[in-house]
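**Student:** Need the 3D shape of this:
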Amino acid sequence: MQPLTSHHQLPPFPDNVKNAPLVSVSFEALEKGDEGASAAFFQACKDLGFFYLDLFGSELGEKIVEEAEKLNKIQQEFFKLPNEVKDVYGRPHLHPFYAYRFNELAIKDENGVPLRGESYNLRKDDILGNCERLACHPMILEQQELFTSYTKHCRAAVDCLLEHLNKHLKLPTGTLADMHRINERSGDHVRLVQAPPYPFDAAQAQRAEHTDFGSITILFNWLGGLQIRVPDTNEWVYVRPIPGSCVVNLGDAMVKFTAGLLRSNIHRVVPPVGEQAGETRNSLVFFSRPEDSVVLQRLEGGLIDAQPVVESTEPEMTAHEWIMAKGTGQLPGVYTKKGFEWRENDKRWRQASSSTTVA
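**Tutor:** Predicted coordinates for the structure are as follows:
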């Protein structure tokens, strides 16, 4: 029997908005090595870098769905805690990236206190005991078994996807897997996310545009709000949440490894629309990233060797250096296979452009 999701408890996603053209790939079929599903998966990774991964029908997939529902309830309880309690586990004093973080919104609660958009990054290495653990709230520690299980199950799903990518790229066996070993230190982490209802703000939405800076992202949404930018038209379209499916997308590392053959697409999160607009929005994200010591550079072999060689002025960085620079705002702009797309609304872009002399 398929696990029950909580989507039906929320207002429906509106039918009058344009949906993102995501294909749906059966995880059960990928596990079984189905060639048709594998081909559709690889094409999606090249075309859009986003797709639905249908987890129903797979024992592992349905466990991930069940655990995601449990973690969604836990994060809702965590975010109800007083701000001063959550701030104890925040950045930058706890950690510049793997910590509780928030941004104050222009709207306020009944006491005049600004409402927050909030997230909490919990690194895989803390959860699995690969390092000395950062301090975290007892509510998280009490759910250690669940966080451990969810992390291992998401990583097993990622490993399956990496195996299919490795095969299609015609790389030596184990090339991608050897850069994503679960017991080695990496930027993998679970992210809890919550945002209260707030009005759409064009400038804020533009500031939120980004690409993920790892390898593969597994995302659960219960409400709308996620948008992707269609590459051919630059149009922003909504990603409809699908019960039993997660949204999977590739990150910058896969672009760098494949010399732009695979796509890390620009996306953002805006307030839900329609009947969902008045609801608090939660997301649950698992980010998989290369091991900390892996240098983010073009791989050799297979289809990658046929890609054009482009000279780059970007500094060579390890996965850890890239994550910390991107995650703490030290690398401005949005990264694509062309390099960085500088954003005119980014003050760092203005500083860079004002210091450049045009002949």
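
**Student:** Would you map the strands across the stretch 51-200 of the chain?
**Tutor:** Secondary structure of the stretch 51-200 of the chain by DSSP state E, counting those that start in this stretch: the strands cover 100-108, 114-123, 189-195.

**Student:** what does the longest one contact?
**Tutor:** With C-beta atoms under 8 Å, 6 or more residues apart in numbering as the test, strand 114-123 has contacts from 75, 78-79, 83, 86, 89, 97-109, 134, 136, 140, 147, 187-196, 198. (Glycine included, C-beta is placed from N, CA and C.)

**Student:** How far off centre is that strand?
**Tutor:** Centroid separation for strand 114-123 versus its chain: 15 Å, with C-alpha atoms, centre = their mean, to the nearest Å.

**Student:** Just give the number of residues close to residue 129.
**Tutor:** Look at residue 129: counted by other C-beta atoms under 10 Å, it has 11 neighbours.

**Student:** now swap in the one 5 residues further on and tell me
**Tutor:** Burial of residue 134, expressed as a neighbour count using other C-beta under 10 Å, amounts to 15.

**Student:** likewise the one 10 residues further on?
**Tutor:** Other residues near residue 144 number 12, with proximity taken as other C-beta under 10 Å.

**Student:** related to what we said a few turns ago, in TSV: the strands of the stretch 51-200 of the chain, plus mean neighbour count, mean pLDDT and distance to residue 204.
**Tutor:** Below are those laid out as TSV (neighbours: other C-beta atoms under 10 Å; pLDDT from 0 to 100; distance: least, C-beta to C-beta, whole Å):
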stretch	mean neighbour count	mean pLDDT	distance to residue 204
strand 100-108	15	93	9
strand 114-123	20	96	10
strand 189-195	21	98	11
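
**Student:** For the closest residue in space to residue 236 that isn't next to it in sequence, which residues are in contact?
**Tutor:** Of all residues not flanking residue 236 in the chain, residue 227 sits nearest, at 4.7 Å (C-beta to C-beta, 6 or more residues apart in numbering). Residue 227 makes contact with 20, 236, 237, 238, 239, 267, 268, 269, 270, according to C-beta under 8 Å, 6+ apart.

**Student:** try it again with 10 Å
**Tutor:** 17-18, 20, 205, 208-209, 235-239, 266-270 (C-beta atoms under 10 Å, 6 or more residues apart in numbering).

**Student:** quick revisit: as JSON lines, the strands of the stretch 51-200 of the chain with distance to residue 314 would be great.
**Tutor:** Formatted as JSON lines, those follow (distance: least, C-beta to C-beta, whole Å):
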{"stretch": "strand 100-108", "distance to residue 314": "26"}
{"stretch": "strand 114-123", "distance to residue 314": "25"}
{"stretch": "strand 189-195", "distance to residue 314": "24"}
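
**Student:** circling back: helix, strand, or coil at the residue nearest to residue 236?
**Tutor:** strand (DSSP: H, G, I helix; E, B strand; the rest coil).

**Student:** Helices of this structure, residue ranges please.
**Tutor:** 27-31, 35-47, 59-79, 83-87, 124-127, 138-141, 144-168, 202-207, 252-257, 319-327, 347-354 (DSSP state H).

**Student:** Turn those into a markdown table, including mean pLDDT.
**Tutor:** Converted to a markdown table, those look like this (pLDDT from 0 to 100):
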| stretch | mean pLDDT |
| --- | --- |
| helix 27-31 | 98 |
| helix 35-47 | 98 |
| helix 59-79 | 98 |
| helix 83-87 | 96 |
| helix 124-127 | 98 |
| helix 138-141 | 96 |
| helix 144-168 | 98 |
| helix 202-207 | 89 |
| helix 252-257 | 94 |
| helix 319-327 | 89 |
| helix 347-354 | 42 |
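
**Student:** what's the most buried one of these?
**Tutor:** helix 252-257 (a mean of 25; mean count of other C-beta atoms under 10 Å).

**Student:** Just the CA coordinates for that one, please, in CSV.
**Tutor:** Extracted in CSV, the C-alpha atoms of helix 252-257 (Å, rounded to 0.1, in the frame of the first residue of the first chain):
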residue,chain,number,x,y,z
ASP,A,252,26.8,23.3,-10.2
ALA,A,253,29.2,20.5,-9.5
MET,A,254,27.6,18.4,-12.3
VAL,A,255,28.0,21.3,-14.7
LYS,A,256,31.7,21.6,-13.9
PHE,A,257,32.3,17.9,-14.0
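
**Student:** Residue 279 reaches residue 198, doesn't it?
**Tutor:** No - taking contacts as C-beta atoms under 10 Å, residue 279 lies outside contact range of residue 198: 11.4 Å.

**Student:** shared neighbours of those two, which are they?
**Tutor:** Contacts common to residue 279 and residue 198, judged by C-beta under 10 Å, 6+ apart, are residue 271.

**Student:** What is the burial count for residue 188?
**Tutor:** Neighbour count for residue 188, taken as other C-beta under 10 Å: 27.
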